[in-house]
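Peer 1: predicted structure and sequence below. I'll ask about it afterward.
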Amino acid sequence: MIENLLKEENCVIVDRVADWKDAVHVSLERLIEQGYCTEEYEKAVFDSTAEFGPYYVLTDNMALIHATNKVGVAKTQMAVTVLREPVQFEEDGADVQILIALCAVDGNAHIDGMATVLKLFGDDDKSDDVLAAKTGKEVFEIFKQYAD
């Protein structure tokens, strides 16, 4: 169930970030504070980005911020950050406003969460609902709605 992977307090709306690195930091901040992952995990995201580019930008509006589970992951959890002003992860890249941060202890623990993400972002109208949300609670409720 999505409620096991995403907590309401981990859904937030942020006006703006300085750049893509700040976007990664902001998206993982709650997970680090709550002990789901460490700064090592954030560094792994930066290292992977340096090596492979922003592989986690999946659609024009959404990035699934993640790295290997081999470093800095304590428990499986997601966080959703909606940016009012978009950020680009590379020059001439997509404008991203929805950051879904994921840390997973293994390759199976996050399957329900990924199914919800696929349902939500497979349809532009649904991602528009997330962008129109006024509060983190509304974002959480949208994710819960599409988890079934």
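Peer 2: That came through fine.
Peer 1: show me where this structure has its strands.
Peer 2: With strands called from DSSP state E, the chain shows them at 6-14, 62-65, 77-87, 96-103.
Peer 1: out of these, which is the most enclosed?
Peer 2: Stretch with highest mean neighbour count among those: strand 96-103 (a mean of 25; mean count of other CB atoms under 10 Å). (Each C-beta comes from the backbone N, C-alpha and C, glycine too.)
Peer 1: mind listing what that one pairs with, with the direction of each?
Peer 2: Strand pairing for strand 96-103, determined by DSSP bridges: strand 62-65 (parallel), strand 77-87 (antiparallel).
Peer 1: turn these into CSV, including mean pLDDT and distance to Val26.
Peer 2: Listed next are those as CSV, based on pLDDT from 0 to 100; distance: least, CB to CB, whole Å:
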stretch, mean pLDDT, distance to Val26
strand 62-65, 93, 10
strand 77-87, 96, 6
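Peer 1: what's the weakest-modelled helix or strand in this protein?
Peer 2: When each helix and strand of the chain is scored by mean pLDDT, DSSP states H and E, helix 111-121 comes last, with a mean of 65.
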